[in-house]
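A.B. asks: Next input, structure requested:
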Amino acid sequence: MKKIAILVSGNGTNMKHILQEIKNGKLYNSMINLVISDRWCMGIQYALKKNIPVFSLIKTNKKFLSKEIDNILIRYIPNIIVLSGFLSILDTEFCKKWFSKVINIHPSLLPKYGGKGMYGMKVHQEVIKNKEKISGATVHYVTENVDLGDIILKKTCKIDLEETPTSLSEKISMIEKEILIQSINNLLFNIN
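C.D. replies: Residues are numbered from 1 along each chain as shown. Predicted coordinates for the structure are as follows:
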């Protein structure tokens, strides 16, 4: 059984999708074996309802957050770690130790509209403001350089003339779900 750890800060939309795809058999022989959060959020509540072990590091000093996450991961030994709207920045030591096991989904075509402070609706607002013709989503490896890790998979979509940040967000969300599952499957399939 392949084990997936989820790091979450928000609603856990992608985590819920991963669970659904496990149930549907699209993520064969896989399970989410733990959820870690840096704040109280809906993602934690959902994981608790699904009887998934949850670690809430709300009171952890940001300086020690990566080390605390590392201590938990060592006990659970996941095959892959998925950032699902996780907003804290993981430190260099953590990223080097877990290199090629930590992935993130980003709501733009990286390297455009990436980096510190670029997440969620902020990305879509910038894309619309700059009158881009296409956008999309990117799955990438997590490194100490925010949103600059090697790209695993990208998918684009056309931006309509009347597009709003909200409508673009909905469009991108569908792409994220598709390429995240595809990326996880590819990575888990290649793990010994």
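
A.B. asks: where along this protein do the strands fall?
C.D. replies: Ranges of strands in the chain, per DSSP state E, are 2-8, 30-37, 54-56, 80-84, 102-106, 134-141, 151-158.

A.B. asks: could the ones you listed go into TSV alongside mean pLDDT and distance to E170?
C.D. replies: For the C-beta atoms, the positions are set from N, CA and C on the backbone; glycine is no exception. Shown next, in TSV, are the strands of the chain (pLDDT from 0 to 100; distance: least, CB to CB, whole Å):
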stretch	mean pLDDT	distance to E170
strand 2-8	97	20
strand 30-37	97	25
strand 54-56	96	28
strand 80-84	96	18
strand 102-106	97	15
strand 134-141	98	12
strand 151-158	97	11
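
A.B. asks: So which of those strands is nearest S173?
C.D. replies: Shortest distance between S173 and the strands of the chain, using CB to CB, is found for strand 134-141: 8.5 Å.

A.B. asks: Give the rounded mean pLDDT of the longest helix along the chain.
C.D. replies: The helix of greatest length in the chain, counted in residues with DSSP state H as the criterion, is given as helix 165-189. Mean per-residue pLDDT for helix 165-189: 95.

A.B. asks: next one: stretch 57-73
C.D. replies: Rounded mean pLDDT across stretch 57-73 is 94.

A.B. asks: how much distance is there from it to the middle of the chain?
C.D. replies: Distance of stretch 57-73 from its chain centroid, counting by CA atoms, centre = their mean, to the nearest Å, is 18 Å.

A.B. asks: What residues of the longest helix of the chain count as buried?
C.D. replies: 165, 168-169, 171-172, 175-177, 179-181, 183-185, 187-188 (16 or more other CB atoms under 10 Å).

A.B. asks: neighbours around the closest residue in space to V102 that isn't next to it in sequence, how many?
C.D. replies: Nearest non-adjacent residue to V102, counting by CB to CB, 6 or more residues apart in numbering: V142, 4.0 Å away. Residues within reach of V142, counting by other CB atoms under 10 Å, total 25.
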